[in-house]
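**Student:** Task: produce atomic coordinates for the following.
(4 chains)
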Amino acid sequence: MDDIAKSVPVIDIQWIRDWKKLRSSDSDHDDFVPSLPPVMATSAISSSSGAEILNRRFKDLPPEELQFDDEIARRREAEANVDIAPGFINSKYECLRPTPYEPKYNRKLVSLLLLLERKRHLDNEPKRSLSYRHAISAIKAYPREIQSSKEAEKIIGVGKKMAEKIKVFLHTGTIEEADKLRYDEQFRTLSLFSKVFGVGVTTARLWWDMGYRTLQEVLASAKLTAAVQLGIELFPDFDQSRGKTKNGDVDLIISSKRPDNMKGFLNKLTRRLIEKNYLKHKLWNSTEIKKISHLERPSAGARQVFDSFEKPSTGIRRQVDLICVQPDELGTAILGWTGSKQFERSIRDYAKKEKNLLLNSQAMHLEQNGKRKKYVVHSEKDAFDMIGIPYLEPELRNC
DNA sequence: GGGCAATTCC
DNA sequence: CGTAT
DNA sequence: GCCC
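**Tutor:** This is a model prediction of the structure:
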């Protein structure tokens, strides 16, 4: 999952309606797929812009833009010891407060902290990266401009070192370490490499250390697994910096009230979708076998990742995750796949630490004196109620 | 100083 | 089987 | 890097 809670509809919903119509009139899997006009498959899609990104070399390129930056970095009165903003839910649990996708206040500060978080991530310092994520999340949700580092340090998640950086920001309008990263070839190259499907910070750095500076060079010279090679070739289609929509991947969670019908469903469905050219490549798949007291139950979160045509007529390609779940897993599956990533970490952390509830995308369990009791979660709302926290719309889970 | 979400695949 | 993703 |  990405760090953005997905709320933008990016596929033709009619496609799903047709599917539902057909499904209700017939129980044979092979007829689940609606008949739509066949797709004109072409490999020339976006290849002109694709060549650009594959050959992008950051040396001497203009600096990376800040994510949010309409703020005039004005100088504040030094170190006003004001109270924390009224109404702000000051907690270490991000899931307790609404967090917008774009901050209203402190936008440049958030942009700079995001650079530092990414730097820690690329340097393989996941815990420091997490710390920045906590602080960024809190500041994104903070309901007014921060006036001083003293005020900032009252925010749970902002400690001494972060407050010092904020102090410098308030006085100079920037944070030097962060601003430098915008021009840093290694930082920008590692960022690009690690956006490829199947590539994390380790592989990204390996490629850098081998001397590669563009994806094209990697493609030409590095020995790649088939999946990673596909990841690079599809990269131009998935490139998120292009186009208007923030993020384009689609998660479809599929369930049936008659689980016995679901055996082999995902494979059948994807085979048909590939035949009809809705899906192009299988990037990844997982078929989980749950072991329950010696019995093997095929289940929970069988998942396949594809790239597909968003809308046959446009030829625009999207990443599609197909997730097949048991009916009693539907509530937790939707909650778990809606994100954001940090929201999921937070709500699971809260549930466990504060309520002894173990939460994952398959189930919720109450743990008391060494025993686990399973609760069925029927909906997202249900999950919030059971955990005992106020419901948050998906659009406000952008922790 | 321990913990930081939970889980799978290759 | 341990590590990376 | 921060909280408990």
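
**Student:** burial count for A:Ile155?
**Tutor:** 22 (other C-beta atoms under 10 Å). C-beta coordinates here come from the backbone N, C-alpha and C atoms, glycine included.

**Student:** which non-adjacent residue is nearest it?
**Tutor:** Closest residue to A:Ile155 apart from its sequence neighbours, by C-beta to C-beta, 6 or more residues apart in numbering: A:Ala138 at 5.0 Å.

**Student:** what does the average pLDDT come to for stretch A:314-329?
**Tutor:** For stretch A:314-329, mean pLDDT is 82.

**Student:** That one and DNA strand C, are they touching?
**Tutor:** No: contact of stretch A:314-329 with DNA strand C (C-beta under 7 Å from any atom of the strand) is absent, the minimum separation being 14.1 Å.

**Student:** mind exporting that stretch as PDB, just the C-alpha atoms?
**Tutor:** Output of stretch A:314-329 as PDB, limited to C-alpha atoms (Å, rounded to 0.1, in the frame of the first residue of the first chain):
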ATOM      1  CA  THR A 314      -8.000   5.100 -23.400                       C
ATOM      2  CA  GLY A 315      -5.300   2.500 -23.100                       C
ATOM      3  CA  ILE A 316      -4.200   3.900 -19.800                       C
ATOM      4  CA  ARG A 317      -2.600   1.300 -17.600                       C
ATOM      5  CA  ARG A 318      -3.000   0.900 -13.900                       C
ATOM      6  CA  GLN A 319      -1.800  -1.400 -11.300                       C
ATOM      7  CA  VAL A 320      -4.700  -3.600 -10.000                       C
ATOM      8  CA  ASP A 321      -4.700  -5.600  -6.900                       C
ATOM      9  CA  LEU A 322      -7.200  -8.400  -6.800                       C
ATOM     10  CA  ILE A 323      -7.900  -9.700  -3.300                       C
ATOM     11  CA  CYS A 324     -10.100 -12.700  -2.600                       C
ATOM     12  CA  VAL A 325     -11.400 -13.100   0.900                       C
ATOM     13  CA  GLN A 326     -13.800 -15.200   3.000                       C
ATOM     14  CA  PRO A 327     -17.100 -13.300   3.800                       C
ATOM     15  CA  ASP A 328     -16.200 -13.100   7.500                       C
ATOM     16  CA  GLU A 329     -13.000 -11.300   6.500                       C
END
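
**Student:** In that stretch, which residues are buried?
**Tutor:** A:315-326, A:328-329 (16 or more other C-beta atoms under 10 Å).

**Student:** Could you export the residues you listed to TSV, including columns for distance to A:Ala178 and secondary structure?
**Tutor:** Compiled in TSV, the buried residues of stretch A:314-329 are given as follows (distance: C-beta to C-beta, whole Å; DSSP: H, G, I helix; E, B strand; the rest coil):
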residue	distance to A:Ala178	secondary structure
A:Gly315	38	coil
A:Ile316	34	coil
A:Arg317	33	strand
A:Arg318	32	strand
A:Gln319	29	strand
A:Val320	35	strand
A:Asp321	32	strand
A:Leu322	38	strand
A:Ile323	36	strand
A:Cys324	42	strand
A:Val325	41	strand
A:Gln326	45	coil
A:Asp328	46	helix
A:Glu329	41	helix
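
**Student:** quick one on the thing from earlier: pretty sure the residue nearest to A:Ile155 sits in a helix.
**Tutor:** Yes: checked against DSSP: H, G, I helix; E, B strand; the rest coil, A:Ala138 lies within a helix.

**Student:** Quick one: residues contacting it.
**Tutor:** A:90, A:94, A:155-158 (C-beta atoms under 8 Å, 6 or more residues apart in numbering).

**Student:** State the pLDDT value of it.
**Tutor:** Reported pLDDT for A:Ala138: 96.

**Student:** Apart from its chain neighbours, what residue comes closest to A:Gln304?
**Tutor:** Of all residues not flanking A:Gln304 in the chain, A:Asn285 sits nearest, at 4.1 Å (C-beta to C-beta, 6+ apart).

**Student:** Model confidence for the residue of the stretch 51-200 of chain A found nearest DNA strand B, exactly?
**Tutor:** Proximity of the stretch 51-200 of chain A to DNA strand B (C-beta to the nearest atom of the strand) peaks at A:Lys127, 4.0 Å away. pLDDT, A:Lys127: 92.

**Student:** A:Glu117 and A:Gly157: what is the separation?
**Tutor:** Using C-beta to C-beta, to the nearest Å, A:Glu117 is found at 12 Å from A:Gly157.

**Student:** Would you mind listing which of the contacts of A:Ala138 are buried?
**Tutor:** A:94, A:155, A:157-158.

**Student:** Which of these fall in strands?
**Tutor:** If you go by DSSP state E, those have nothing in strands.

**Student:** between those, which is closest to DNA strand C?
**Tutor:** Taking the buried ones among the contacts of A:Ala138 together and measuring to DNA strand C by C-beta to the nearest atom of the strand, the closest member is A:Glu94, at 21.8 Å.

**Student:** Enumerate the residues of chain A near DNA strand D.
**Tutor:** A:92, A:120, A:127-128, A:130-132, A:134-135, A:156-163.
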